[in-house]
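Q: Compute the structure for the input listed below.
(one chain, ligands or ions: 1)
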Amino acid sequence: MSPDTQTLFGFTSVASSAQVLLSSVKPSSPAPFIPVSATPVPNTVLSHRINEYAQSHLPVPTYNHSLRVYHYGLAMKSYLFPAWAFTDETYFLACVLHDIGSTDENLKATKLSFEFYGGLLALDVLQRAPASAPETAAPKDQAESVAEAIIRHQDLCENGKITAVGQLLQLATIFDNTGAYSDCVHHSTIEDVTKHFPRIKWSSCFAATIHKENELKPWSHTTTLGENAFPEKVLGNKLMEPFE
Ligand code: ZN
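A: Predicted coordinates:
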């Protein structure tokens, strides 16, 4: 893999500790307002195919959450990590597919934890284009970067490294789900993003999914975030409460 391709697909290693990473960047001004119109869905054939796939497989609250994660993540990246050079397309693919393993059908289809199964599904759907549109297949390296980010999106570590695209996916999902890192995104950005992609009671919807997975699979990776503590944190999301 050439260094350029590595970078464009997100294979740059960064600290996996969000705390270490965020304290290493010291922006001189508060987070700016970044409207949804400034972070459009990438206009590529691959993005269009995967966006359609996500829309037809995800319940609306999960699809909206995925798109909020896309816009919040890009807002955080432009404010805090402008040197991260991966493409919007790679991040978009990771966002729209990151919860694909959490649908009712997919939770029941496997004994694997939902992020692991979702990563495997993403690896497959990204590279397997329909015969009528072979140009919509993702390169193997890009599909692997997306799968890696999805598999690790709830793997909040204090030590070691993670890909840049995986770290951004973690930061933005935790932000939308728990309200952490509230000073990383301007309040008007939250208003604009939730206007375009309403939460439709996302906090209780996601907390119910956590309980459902933990019941079906008491060994699931989600339990490492705290079997009761994590869903309680999701339900206690004060930052997003006014938008529920
Ligand atoms: Zn999510």
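
Q: residues near residue 97, how many?
A: 26 (other CB atoms under 10 Å). Every C-beta, even on glycine, is put in place using the N, C-alpha and C of the backbone.

Q: got the phi/psi numbers for the residue lying closest to it once chain neighbours are set aside?
A: Residue nearest to residue 97 in three dimensions, not counting chain neighbours: residue 122, with 4.3 Å by CB to CB, 6 or more residues apart in numbering. Dihedral angles of residue 122 (phi, psi; degrees, to the nearest 10) stand at phi -60, psi -40.

Q: other SSEs contacting the lengthiest helix in the chain?
A: Counting residues, the longest helix found in the chain (DSSP state H) is helix 60-80. If you count contacts as 3 or more CB pairs under 8 Å, 6 or more residues apart in numbering; DSSP states H and E, helix 60-80 packs onto helix 45-57, helix 88-97, helix 164-178, helix 187-196, helix 202-216.

Q: So residue 225 sits against residue 154, correct?
A: Yes - applying CB atoms under 8 Å, one finds residue 225 in contact with residue 154, separated by 6.3 Å.

Q: about what we covered before: between the longest helix of the chain and helix 45-57, how big is the angle?
A: Between the axes of helix 60-80 and helix 45-57, defined by axes from the mean of the first three to the mean of the last three CA atoms, to 10 degrees, the angle is 140 degrees.

Q: Now do the buried residues in helix 60-80.
A: For helix 60-80, a neighbour-count test (16 or more other CB atoms under 10 Å) marks 61-77, 79-80 as buried.

Q: what's the answer for stretch 125-132, then?
A: Of all the residues in stretch 125-132, those buried under the rule 16+ other CB under 10 Å are 125, 126, 129.

Q: among these, which are in helices?
A: Under the assignment DSSP H, these contribute 125, 126 to helices.

Q: So which of the buried residues of stretch 125-132 is the closest to residue 146?
A: Nearest to residue 146 out of those is residue 126 (CB to CB; 6.2 Å).

Q: Help me confirm that the closest one comes into contact with residue 140.
A: No - look at residue 126 against residue 140 with CB under 8 Å: they stay out of range, at 9.1 Å.

Q: rewinding a little: the helices and strands packed on helix 60-80 into JSON lines, with extra columns for mean pLDDT and distance to the ion?
A: Converted to JSON lines, those look like this (pLDDT from 0 to 100; distance: least, CB to the ion, whole Å):
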{"stretch": "helix 45-57", "mean pLDDT": "97", "distance to the ion": "12"}
{"stretch": "helix 88-97", "mean pLDDT": "98", "distance to the ion": "9"}
{"stretch": "helix 164-178", "mean pLDDT": "96", "distance to the ion": "5"}
{"stretch": "helix 187-196", "mean pLDDT": "97", "distance to the ion": "14"}
{"stretch": "helix 202-216", "mean pLDDT": "89", "distance to the ion": "7"}
